[in-house]
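[1] 3D, please:
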Amino acid sequence: HLKSVMCMNFYELVGASSSDVVYLALPLHHMAGALLGVVGCLGIGERGRDPRRCFGEGRFWDECRAEGVTVFQYIGELCRYLVNQPQRPGEGQHGLRMAVGSGLRPDVWRSFQRRFGPLRIVETYGMSEGNVTLFNYTG
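    Numbering: from 1, shown residues only. Presented below is the predicted three-dimensional model:
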């Protein structure tokens, strides 16, 4: 229960607020999707964007533009899927300012920022494995 309560502060800790629109595409049976995603959004007063929807790399940027998404919660492979998509006109025109999650490989991190713009990436580790959590605040 304490871990659940602590997750309510997740987005505030990484620099998000109620004015942000959070894109949630992680499964709700995992802590990253349920506690960090849904409960974290409740903590900042944001409802998140349709957590029932499956992640679709081909429609991701269109959905971000349509919903006004400013924060994307990822697991590293989601960013790799986006980087591996064929380039499309206008893909760098979005309101995303931050991506937060875990498991982002350094090569994908660099490619993601180079291709989609200088957004802030906050890498976390240990959110579900134990009682110690690490954040990469410096990028």
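[2] just the residues contacting the helix or strand hosting Val5, thanks.
    Using DSSP states H and E, Val5 sits within helix 2-7. Contact with helix 2-7 is made by Met31, Leu35, Leu36, Val39, Gly40, Gly43, as judged by C-beta atoms under 8 Å, 6 or more residues apart in numbering. Any C-beta I mention is one placed from the backbone N, CA and C, and that applies to glycine too.
[3] same deal with stretch 84-98?
    Outside stretch 84-98, the residues within contact range by C-beta under 8 Å, 6+ apart are 14-16, 20, 57-58, 61, 64-65, 68-72, 115-117, 119-122.
[4] pull the CA atoms of that stretch into CSV?
    Provided in CSV are the C-alpha atoms of stretch 84-98 (Å, rounded to 0.1, in the frame of the first residue of the first chain):
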residue,chain,number,x,y,z
ASN,A,84,12.6,2.0,-36.5
GLN,A,85,9.5,3.4,-38.3
PRO,A,86,10.0,4.9,-41.7
GLN,A,87,10.4,8.6,-41.5
ARG,A,88,7.2,10.6,-42.2
PRO,A,89,6.7,14.3,-43.0
GLY,A,90,5.8,16.3,-39.8
GLU,A,91,6.8,13.6,-37.3
GLY,A,92,8.9,16.1,-35.5
GLN,A,93,6.0,18.5,-35.1
HIS,A,94,4.4,17.5,-31.8
GLY,A,95,4.0,18.9,-28.3
LEU,A,96,5.9,16.2,-26.5
ARG,A,97,8.3,17.7,-24.0
MET,A,98,9.2,14.7,-21.9
